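Trainee: The following comprises the amino acid sequence and a computationally predicted model.
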2 protein chains.
Amino acid sequence: MAKSRNTEQKIFDAATELFLEKGVDRTSVREIASKAGINLALMNYYFRSKENLFDAIFSQLVKQNSAELIRILDSDLELTEKIHQYVNVYIDMLSENPLLVSFVMAIIHRSRERITEMKAISNLYATDQFTRQLIEEAKKGNIRPTDPTHFFVDMLSLIAFPFAIKMLVMDKNNISEKEFQLFIQERKKHVPELLIDSLRPR
Amino acid sequence: MAKSRNTEQKIFDAATELFLEKGVDRTSVREIASKAGINLALMNYYFRSKENLFDAIFSQLVKQNSAELIRILDSDLELTEKIHQYVNVYIDMLSENPLLVSFVMAIIHRSRERITEMKAISNLYATDQFTRQLIEEAKKGNIRPTDPTHFFVDMLSLIAFPFAIKMLVMDKNNISEKEFQLFIQERKKHVPELLIDSLRPR
DNA sequence: ATTTCGTTTTAAACGCTGTTTAAAACGATT
DNA sequence: AATCGTTTTAAACAGCGTTTAAAACGAAAT
């Protein structure tokens, strides 16, 4: 048997499912092959390595999700509305996509070697319009002068880090998965408030 | 030759150095044994596993560092002063201890199975006094009513996450290691300001 | 001084991992 | 029906963390 053109897709799908379920490191290539119903070596035939397979899955996932975030950052929305939308969409994204969260964590974990992949998820490289806005609004006196780098790092931190320490928050507050999701939902209001508040002229 | 009671210490030291240098995952047990000048199997004789060795190094590191943070949280310091001190000490700690940062990231990465180790670093379990303070100050009208959980998660996020995306920040702003350290130093002022500002009654 | 006994060290192997190899099977083209 | 590039296969590779069983050792007991 040969030329079943969906072999590549079968590997891709099986790996995606297993990576989500057990994490990248704890998923073996033999397991992926078994789940996909293919020979072990085919994984290396289609993707050159397991790392490469991970990248393929990851960048597809990012492409699906980051477009909207960049669109928001680049838009003409008023500053506070833009912050609201960005935070809301980003939190929803991470909240609905556990695979994305664990992939982001895996990449951050070996961040020294994986800057390229990090760029894609960070939107840090689409902040020109946003930065301009921060500076101009400050010039007009609508907000207090604000360092754009710190502000953007703050925003990313407040959005993403809680997902990283999810298990910790659940354990400490003795809450369930569902209740954690509620906690995250609260942050869609809380984080923009905090950020916008810090911009208010004194 | 036998009974050289410092064999355990030699393994511990060699592993610490290598873990810092190349990360836990990319350091093999054979490499540790070679650097320590001991037989491969001795690593499993003294520590039961590589994971165990990691834990031993990690918890020693945490013990050295977290005591002061807990002391600050439990102190009678005035709220704003407490926030200042906590943020400053924590940022200094992470900034002077790259090993701690990469260990924290390694543990967060496999957070599902490692809650115990996470507890140790989070200080999330020493927040009783701090929580009480937030509630009482709000009752007195000195600060606006604030959810303690969100506030503490905010604080941790703003302190820790920037270290996780260090490479990203450096690449995006085209800055050196030294300049990143400066950026971090700025946050010792910026983060407390942001947090305390959010407590101001409206 | 020799035997005994628990501790420490050793070399070799185990089962697992990701990856490579070389040959086989296959389908379309000639 | 033969050819040729693509796809699939079984088997092996080198590396990993870990285990095994025997050896080497030092101190205590005879």
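Mentor: Yep, that arrived.

Trainee: is the helix or strand harbouring residue A:60 up against DNA strand C anywhere?
Mentor: Element membership of residue A:60, judged by DSSP states H and E, is helix A:50-74. Yes: using C-beta under 7 Å from any atom of the strand, helix A:50-74 reaches DNA strand C at A:50-51. C-beta: built from backbone N, CA, C; applies to glycine.

Trainee: So for that helix, what gets flagged as buried?
Mentor: A:50, A:53-59, A:61-62, A:65-66, A:69, A:72-73 (16 or more other C-beta atoms under 10 Å in any protein chain shown).

Trainee: farthest-separated two in the residues you listed?
Mentor: Using C-beta to C-beta, the two most remote members of these are A:50 and A:72, lying 34.0 Å apart.

Trainee: if I look at residue A:136, how far off is residue A:130?
Mentor: Distance of residue A:136 to residue A:130, given as C-beta to C-beta, to the nearest Å: 11 Å.

Trainee: Of those two, which one has the most company?
Mentor: residue A:130 (22 against 12; other C-beta atoms under 10 Å in any protein chain shown).

Trainee: Surely residue A:10 is in contact with residue A:34?
Mentor: No: applying C-beta atoms under 8 Å as the test, residue A:10 and residue A:34 come out as separate, 11.5 Å apart.

Trainee: So these two - more neighbours on which side?
Mentor: residue A:10 (18 against 13).

Trainee: mind giving me the domain split of chain A?
Mentor: Annotated domains of chain A cover A:1-47, A:58-197 [automatic domain parsing].

Trainee: Buried deepest among those domains, which one?
Mentor: Sort the domains of chain A by mean neighbour count, taking mean count of other C-beta atoms under 10 Å in any protein chain shown, and domain A:58-197 sits at the top with a mean of 17.

Trainee: Next one: that domain, is it in contact with chain B?
Mentor: Yes: counting by C-beta under 8 Å from any C-beta of the partner chain, chain B is contacted by domain A:58-197 at A:105-106, A:108-112, A:115, A:118-119, A:122, A:124-125, A:147, A:149-150, A:153-154, A:156-158, A:160-162, A:164-169, A:171-173, A:183, A:186-187, A:190, A:194, A:197.

Trainee: tell me how far the ends of that domain are from each other?
Mentor: 35 Å (C-alpha to C-alpha, to the nearest Å).

Trainee: Quick check on residue A:41: phi, psi?
Mentor: Main-chain dihedrals, residue A:41, degrees, to the nearest 10: phi -70, psi -20.

Trainee: Show me the helices in chain A, by range?
Mentor: For chain A, the helices defined by DSSP state H cover A:7-22, A:29-36, A:42-46, A:50-74, A:79-96, A:98-109, A:115-122, A:128-140, A:148-164, A:166-173, A:177-197.

Trainee: Now for chain A, the helix or strand with the poorest mean pLDDT.
Mentor: helix A:115-122 (a mean of 70; mean pLDDT, DSSP states H and E).

Trainee: Packing partners of that helix?
Mentor: For helix A:115-122, the elements it packs on are helix A:50-74, helix A:98-109, helix B:166-172, judged by 3 or more C-beta pairs under 8 Å, 6 or more residues apart in numbering or on different chains; DSSP states H and E.

Trainee: okay, the nearest residue to residue A:114 once chain neighbours are set aside: pLDDT?
Mentor: Take residue A:114 and drop its neighbours on the chain: the residue closest to it by C-beta to C-beta, 6 or more residues apart in numbering or on different chains is residue A:107, 5.1 Å away. For residue A:107, the pLDDT comes out at 82.

Trainee: One more: the one 3 residues further on?
Mentor: The predicted local confidence for residue A:110 comes out at a pLDDT of 73.

Trainee: quick one: low-confidence parts of chain A?
Mentor: A:1-5, A:112-113, A:121-122 (pLDDT under 70).

Trainee: at 80 what do you get?
Mentor: Within chain A, the stretches with pLDDT under 80 are A:1-5, A:109-126, A:202.

Trainee: For residue A:158, list the residues it contacts.
Mentor: A:87, A:187, A:191, A:194-195, B:154, B:157-158 (C-beta atoms under 8 Å, 6 or more residues apart in numbering or on different chains).

Trainee: Which member of these is positioned nearest DNA strand D?
Mentor: For the contacts of residue A:158, the minimum distance to DNA strand D (C-beta to the nearest atom of the strand) is 31.8 Å, reached by residue B:157.

Trainee: my guess is the closest one meets residue A:168, correct?
Mentor: No: using C-beta under 8 Å, residue B:157 is not in contact with residue A:168; the gap is 11.9 Å.

Trainee: can you list residues touching both of those two?
Mentor: In terms of C-beta under 8 Å, 6+ apart, residue B:157 and residue A:168 are not both contacted by any residue.

Trainee: Give me the contact list for stretch A:177-191.
Mentor: Identification of contacts with stretch A:177-191 by C-beta under 8 Å, 6+ apart yields A:87-88, A:91-92, A:95, A:155, A:158-159, A:162-163, A:166, A:169-170, A:173, A:175, B:147, B:149-150.

Trainee: run the last query once more with 7 Å
Mentor: The contact list for stretch A:177-191, computed with C-beta atoms under 7 Å, 6 or more residues apart in numbering or on different chains, reads A:87-88, A:91, A:95, A:158-159, A:162, A:166, A:169-170, B:150.
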